[in-house]
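Q: Sequence and predicted structure below; questions after.
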Amino acid sequence: MMRAELFIDGEWVRPASGKTFATIDPSTEDSIGEVGRGDAADVDRAARSADRALKGAWREMTPAARGRLISKLADAVAAAREEIALLETLDVGKPLKESRGDVDGVVATLIYNAGAADKMEGATIPLGPAFVDFTIMEPIGVTAHIVPWNYPLGMAIRSLAPALAAGCTAVLKPAEQSPLTALKLAEIAVSVGIPPGVLNVVTGFGEEAGEALVRQPLVRSVTFTGSVETGRKVMAAASSGPKPVVLELGGKNPLIVFADADLDRLVEDLADAAFGNSGQVCSACSRLLVEDSIAGELTERLATRAAKITVGPGRDDKDIGPLVSAEQYAKVMDHVEAAKRAGARLALGGGRPENLKRGYFVQPTLFADVDPGLRIMREEVFGPVLTLTRISSEEEGVRLSNALGYGLVAGVYTRDISRALRLTQQLEAGSVWVNGWFVGGQQAPTGGIKDSGVGRERGLQGIRNYLSVKNVGIRL
């Protein structure tokens with residue numbers, strides 16, 4: 001499936017400008033094909049389509065019926081698992097096994113939200129015997145979804161599924177680096193009976209399509225996942241509405257490791273937590289803060305384990321694939337080279353695998369005994385790069401964890417449950433994970449504080465983002 005078109009009002013349409021852009025396979029640096037380059041005119045068309053659908057058959061449908069359609073969408077996505085996974089791998093570079101896992105996560109998210117569609121209840125308000133007062137939960141309206149390239153379909157569904165369950169309609173703008181699975185999703189949605197206009201996809205660039213989508217007057221809610229810098233621009237643009245925003249932004253996520261930690265379990269967890277998806281994960285573990293007495297041992301064990309991680313093109317199904325683009329590759333390598341120049345001790349990796357001459361590949365990289373003041377300890381790298389810093393006390397670990405503007409995820413590894421619970425209260429993060437990483441699922445809310453975002457996604461809170469509370473008061 002390769003079209004240089006957008007998906008609006010249930011149909012494939014050419015961009016108003018007629019322009020296209022190439023989407024690149026990061027494993028080969030070759031073009032996969034041309035994609036439509038949408039702009040403000042296309043966004044307006046999509047928003048009008050979504051508004052018509054909001055006021056039409058979608059509004060008349062019962063919540064239970066919406067839930068059944070979302071369940072049908074889940075079944076259709078599951079049936080197309082191999083095709084979708086291949087598209088994701090071609091577009092982003094990740095191993096096929098990981099893309100298949102992402103599709104499975106999409107299906108699970110759709111099923112969860114389908115089941116919750118008819119369970120968003122209002123409340124009665126006790127004003128006294130002379131009144132009846134109650135609340136009604138209504139869809140907030142047309143919603144905008146601007147998603148990143150690291151988990152293209154997964155991030156889209158994380159916000160789309162609850163928006164649709166709430167009765168909203170949507171305009172989706174995928175990242176320009178990874179548009180293919182979003183277009184496939186829209187095609188599948190119409191095929192299972194979701195009315196035209198309920199889900200529209202406008203591919204293109206942030207400054208042309210993304211900003212126009214945020215500012216579009218018919219759009220009543222914006223969900224964005226991406227960088228802190230862009231998130232601030234999204235919030236500023238949305239304020240002209242004004243319209244509510246949900247932002248998941250960057251992270252520089254610390255993990256405090258104490259001497260009583262289960263190192264066998266920790267090392268295995270870190271193979272995925274730090275290097276999975278080539279480190280291109282907002283919630284990846286990127287800063288290890290390790291009690292001094294075990295820092296040397298952990299460095300050796302982690303370097304040995306990470307050296308076994310295989311790197312290669314996504315279709316070869318190695319452990320990790322390339323970075324998504326030449327721009328991202330240059331950014332990551334700039335961080336790595338700057339850390340070397342600053343004197344950080346390179347314990348593993350630090351460059352391109354020798355056998356891979358093309359593609360945006362970076363080896364799993366570990367810096368040990370890193371000074372907390374170095375740039376690589378303060379800025380999000382978004383690549384397969386992990387730093388290890390020695391700490392002498394619990395207090396130092398908490399202080400370093402909280403020292404940055406980020407606040408997405410923090411972690412603790414210890415067998416002392418009292419210490420673990422104490423630190424969960426002290427760590428400044430939207431999620432704190434103890435003796436594990438990537439803990440949670442569709443049911444668990446996720447999101448950041450400080451520079452890492454506003455609002456929460458997943459769980460029942462994810463649906464409430466897309467509901468407006470109307471109060472009805474009756475004097476008897």
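A: Arrived safely, thanks for sending.
Q: Provide the count of other residues in contact range of residue 339.
A: For residue 339, the count of nearby residues is 24 (other Cβ atoms under 10 Å). Backbone N, C-alpha and C define where each C-beta goes, glycine included.
Q: Give the buried residues for the helix or strand hosting it.
A: The secondary structure element spanning residue 339 is helix 326-341 (assigned by DSSP states H and E). Using 16 or more other Cβ atoms under 10 Å as the burial criterion, the residues of helix 326-341 that qualify are 328-329, 331-333, 335-336, 339.
Q: Which phi and psi values does the residue sitting nearest the centre point of the chain adopt?
A: Computing the C-alpha centroid of the chain and ranking residues by Cα atoms, centre = their mean puts residue 155 first, at 4.5 Å. Main-chain dihedrals, residue 155, degrees, to the nearest 10: phi -70, psi -30.
Q: Would you mind confirming that it is in contact with residue 161?
A: No: using Cβ atoms under 8 Å as the test, residue 155 is too far from residue 161 to be in contact (11.3 Å).
Q: the longest helix in the protein is where?
A: The helix of greatest length in the chain, counted in residues with DSSP state H as the criterion, is given as helix 96-116.
Q: Now do the following helix or strand past that one: which elements does it pack against?
A: Along the chain past helix 96-116, the next helix or strand (assigned with DSSP H and E) turns out to be strand 124-125. Identification of packing neighbours for strand 124-125 by 3 or more Cβ pairs under 8 Å, 6 or more residues apart in numbering; DSSP states H and E yields strand 131-139.
Q: Adjacent strands (with direction) for the strand it packs on?
A: Sheet partners assigned to strand 131-139 using DSSP bridges are listed as strand 124-125 (antiparallel), strand 467-475 (antiparallel).
Q: could you dump stretch 200-215 to CSV, C-alpha only?
A: Included here for stretch 200-215 are C-alpha records, laid out as CSV according to Å, rounded to 0.1, in the frame of the first residue of the first chain:
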residue,chain,number,x,y,z
ASN,A,200,-9.1,11.5,8.9
VAL,A,201,-5.3,11.4,8.2
VAL,A,202,-3.3,14.3,6.9
THR,A,203,0.3,13.5,6.3
GLY,A,204,2.9,16.3,6.1
PHE,A,205,5.3,18.4,8.0
GLY,A,206,4.8,20.1,11.4
GLU,A,207,5.2,23.7,10.2
GLU,A,208,2.7,23.2,7.4
ALA,A,209,0.1,20.7,8.6
GLY,A,210,0.7,20.3,12.3
GLU,A,211,0.5,23.9,13.3
ALA,A,212,-2.5,24.5,11.1
LEU,A,213,-4.2,21.5,12.8
VAL,A,214,-3.6,22.9,16.3
ARG,A,215,-4.9,26.3,15.3
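Q: Next, the buried residues of the helix or strand bottoming out on mean pLDDT in the chain.
A: When each helix and strand of the chain is scored by mean pLDDT, DSSP states H and E, helix 57-60 comes last, with a mean of 93. Neighbour-count burial for helix 57-60 flags residue 58 (criterion: 16+ other Cβ under 10 Å).
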